[in-house]
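Enquirer: Return a 3D structure for these sequence lines:
(2 chains)
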Amino acid sequence: MTLRTRIAVTFSLLLAAVLAAALGAVSATNRGNAEREVQRQLDVGVSVFQRLLESNRRQLTQAAQAVASDYGFREAVATRDTDTLVSVLQNSGERIGAALVVLTSLNGDVIAASGLHVKAGTPFPVSSAQRSSLAGDGATSLMVDNGRIYQLVTVPVRSPLPVAWIAMAFELDQKAAHELADITGLAVTLAVNSDGRWTNVVTTLPAGATSQTDVVTRRIEMSKWGNSQAAAILSRSLADARAPFERLTKVLFLIAAISLVASAVAAFWLARNITRPLHDLTKAVDQMRSGTYDVALSVQRSDELGVLAEGLHLMQTAVQSRDQSIRRLAYEDTLTGLMNRTAFGAALSEALAVADAGPVAVAVINLDRFRRINEHLGYSVGDAVLTKMAARLAAVPSVHSAVARLAADQFAAFTRLKDAANLQSWGTSLVMALAEPVFVEAQPIDITATLGLALAAGGSASTDELMRCADLALEHARREKRALAVYEEAFKPAARDQLSLLGELRRAVEHDELRLFFQPKIELKTGRITGAEVLLRWQHPTRGLLSPVDFIPFAEQTGFIRRMTRWTLDHAIAQGAVWQRAGKPVGLAVNISADDIGDERFDTRVASMLTRHQMPPALLTLELTESGFIEDPTRALRMLDALAALGVSLSIDDFGTGYSSLSHLARMPVHEVKIDRSFVQGLESDPETEPVVRSAIDMGHGLGLKVVAEGIETEAAAARLRSFGCDIAQGYLYAKPMPLAAFEAWLEGKERVPVIAMPVDFKIEDLTDSVSLAIY
Amino acid sequence: MMTIVQRRRRIVAGVLAALCAHAASAGMVTVDVTTPSGAPARDTVVVFDPLDAAPPPSHDAAIIDQVSKRFVPRVSVVRTGTSIIFPNSDRIRHQVYSFSPAKTFTLKLYAGSPNTPVIFDHPGLVVLGCNIHDNMVAYVGVVDSPYYAKTTDAGTASLNLPAGRYRLRTWNPNALAAVPSQEIAVQAASLTVPVKIDVSSAPTAVGWPE
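Expert: Numbering: from 1, shown residues only, chains lettered A, B, ... in the order given. Down below sits the predicted model:
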């Protein structure tokens, strides 16, 4: 039921109930009133009738007494002067309009009479009993004579004892009845019962109305007269009495009906007036809910509904603007104004949904070394760089409206290629667009980008998949230190492998599936062995021996690398201790990751391991890449200081490829640097490499560090490095990484560089064995 | 209300009484009037009409006073020819009248004593009334015989009568019917005559024995 109907029906029902109650009450009261009124009228009628009789009686009595007490009349009675008596009677009768005046002897014989048919000398039909009941100064009685009713009064004539009677009577005729009826408002009937049968003598009822049923009557029994009996019947028609009340009730009903209809119409109108704008507003709100904000909310009213509409309108505007800004936040990168990842994903999936429109190419673009710009030049410069880069990307015609910023220094773009073969050239165009130096505040900033490209050729690829492929390609490009890589199936680790790799790694650590391989380090000057780098291999139960490339990146991503470093260190130190105890100490270099440097308890772990296995710290070298410092250089420096304080040597891996500044390097407590294999391998093919290598070696020496070269495969390279003053070499030229047994066999007969294991702060007491001064 | 026949009979009786009036000795006669229930009937008129000799006429005088709207005495017996004066002892006026056949008269409204007495010159019962006060009633029995009396409260009346024969008439204003007269022979000795009379509570003024 709608609000409108409910309001209208409620009001109508309420009014109807009130009216019904009121009408019912009025009707009942009227009915009762009519009956009470009739009864009251009858009571009054009876009283009036009795007063009428009483009044008649008095009048008759007075008149009769006046005659009886007249001396002349007494004299006439005494002298039986009949003529005189008749004339006196006649006169007195006429005076009051009596129907009959009779003078009788004490015996009841008529002496003289006036009116009616009474003749002198005949007995007057008043029995002695009646006369005595009438006696006593004007007792009244009703006399029935010849079918007529008379009200009779008898008065004695005294001279001075009673000698005669005067009887005087009024007739209760039609006129009297009508008078009574007029006074009382009742119908008056006088009836006589003679010989057991009632007959109406006089009635004011209209002819034929005597048999009415709906009539209330009051019967007044009057005195008997011989065998006859008289009664007065007062009656009132209830219908007549009710008539005015019924008229009133009818009028009330009419008024009620009209007001009910009128109020129902008014209620409907009012309800409609309220609900129609409500309906309009509801419709508008519905549309707003579905995102349409330009719905007119114009209820031109000054009442509450108008206020509501105005409020909704304001709300609409506010919601709309908020919606827009939320959309902006949700789908737009606030800095560059490009799409964000979500919007890009949506746009890409839309593009992918259109099949047969040509292959879709996706590029994920990473700005190299962007973090350093932020660090060294400040975030505002970084932001400016990002903005300019974004503008450049967006300006590439082929990627119009499909460029996004995914993360701090990562962008993405997609385009629809005419031909899959154009992928490489599209990627190149993006690289070229970003290659130019960026000028921020007239300062040139050199920045390069690395690109990962992926192609959705079949049209079945999902957005996520495509993005991940591009990510993998990017990863590959970075690893390969190339500006650009196109995704290949080979980049993709088998999904099952990925899922199970962590579990398998965990198992590998727990079940000792990992193996330590050792690659010797050779002193270039002498060709003697200075130690070995410890390398990790995984003896996978099904896949055979796995190289670190297959699992270390994954371990680094998942953080499992810490656990693996611990394992490696533990086993390497244990082995080192074994050799140490055997009197053949070997300096061991173990790679640690940036994660390990971030572990605050790393130094204590290393110290406890050294103590547990009782290996001199000087035999241990920890190799770490420059990237290990980038996250938090201060913290990293603190950790390196702590490690150096243990007496452990520190080595910077991949020296020359990283970003480490000389100032950093100078502050770090490192003992050696390792020149990256790419430089070493370039020595023979690229003449420009030589000064780089030479200066790197000189720089290391300048800082007081030993310089190690790795990846030496030829004697020529070794000779070059030797001539440059490089201290230690490592590579296939000397030996591949070997398992323990092979390494130990290889070691036999080789001359070793003597190890002076005397660390800076090493506590002598910590070593159970004597400090070894091993000389090989 | 006397008929002609009644009046004639009364005249005959009067003559007979006059004829018997000269008897020599006397005797005490007491009439004891009671009601049928044995109660004394006071104010009963007792008249002895001498049957042997007619009594001589009389010119007596009598008074019927009007006191407190009453005639005093209520019942009087007088000889024929007696003058009765009707003084008025009340401060209000009265109009004494009679419509009785034995004496019809009216004394116009007066106070004090009227100038002229009324002579009751015919035997019979006269009922007196006041035209103003219907309740004032007096009875005057007019008789020829000199021998009459009214019973006392004890209902008796005693008379010293010369010996001889008499007719005894008795009448009471409340009598319901006439009491038959009886002949009494009076000797020297005392004599008590019992008479029964039926009375009502209200005056009837009937049955005056002629």
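Enquirer: got the residues of chain B near chain A?
Expert: Residues of chain B found near chain A (CB under 8 Å from any CB of the partner chain) are B:95, B:97, B:99, B:104, B:106, B:127-131, B:134-137, B:203-205. Just so you know, the C-beta spots here come from the backbone N, C-alpha and C atoms, and that holds for glycine as well.
Enquirer: Narrow those residues to those in strands?
Expert: B:97, B:99, B:104, B:106, B:127, B:128, B:129, B:130, B:137 (DSSP state E).
Enquirer: Restrict these to the buried ones and give me that as a PyMOL selection.
Expert: Buried residues within those, by 16 or more other CB atoms under 10 Å in any protein chain shown, are selected in PyMOL with:
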select buried, chain B and resi 97+99+127+128+129+130+137
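Enquirer: Low-confidence stretches in the stretch 401-550 of chain A?
Expert: The model of the stretch 401-550 of chain A has pLDDT under 70 over residues A:401, A:457-460, A:492-499.
Enquirer: Residue of chain B closest to chain A, please.
Expert: At 2.7 Å from chain A, residue B:129 is the closest residue in chain B, using CB to the nearest CB.
Enquirer: I figured that residue hits residue A:159, correct?
Expert: Yes: judged on CB atoms under 8 Å, residue B:129 makes contact with residue A:159 at a distance of 6.2 Å.
Enquirer: what sits in contact with each of those two?
Expert: Common contact partners of residue B:129 and residue A:159 (CB atoms under 8 Å, 6 or more residues apart in numbering or on different chains): residue B:97.
Enquirer: and residue B:90, how many residues sit next to it?
Expert: 17 (other CB atoms under 10 Å in any protein chain shown).
Enquirer: Once you drop chain neighbours, what's closest to it?
Expert: residue B:66 (5.7 Å; CB to CB, 6 or more residues apart in numbering or on different chains).
Enquirer: What of residue A:90?
Expert: Per CB to CB, 6+ apart, closest to residue A:90 is residue A:114, 4.1 Å.
Enquirer: And residue A:537, by the same measure?
Expert: residue A:515 (4.5 Å).
Enquirer: how does the chain divide up, domain by domain?
Expert: Assuming you mean chain A. Domain ranges of chain A: A:39-204+A:212-238, A:341-492, A:513-774, per automatic domain parsing.
Enquirer: Hmm, no, I was thinking of chain B.
Expert: B:1-55+B:153-210, B:56-143.
Enquirer: least reliable of those going by mean pLDDT?
Expert: If the domains of chain B are sorted by mean pLDDT, domain B:1-55+B:153-210 sits at the bottom with a mean of 79.
Enquirer: from the middle of its chain, how far away would it be?
Expert: 10 Å (CA atoms, centre = their mean, to the nearest Å).
Enquirer: for stretch A:536-544, same thing?
Expert: 57 Å.
Enquirer: mind listing what's buried in it?
Expert: For stretch A:536-544, using 16+ other CB under 10 Å, the buried residues are A:536, A:537, A:538.
Enquirer: ends of stretch A:433-444, how far apart?
Expert: Using CA to CA, to the nearest Å, the end-to-end distance of stretch A:433-444 comes to 16 Å.
Enquirer: Tell me which residues of it come out buried.
Expert: For stretch A:433-444, by 16+ other CB under 10 Å, it's A:433, A:434, A:438, A:440.
Enquirer: One more: stretch B:199-210?
Expert: Applying 16+ other CB under 10 Å to stretch B:199-210 flags B:199, B:203, B:205, B:206, B:207, B:208, B:209, B:210 as buried.
Enquirer: Spell out the residue ranges of the helices in chain B.
Expert: B:4-19 (DSSP state H).
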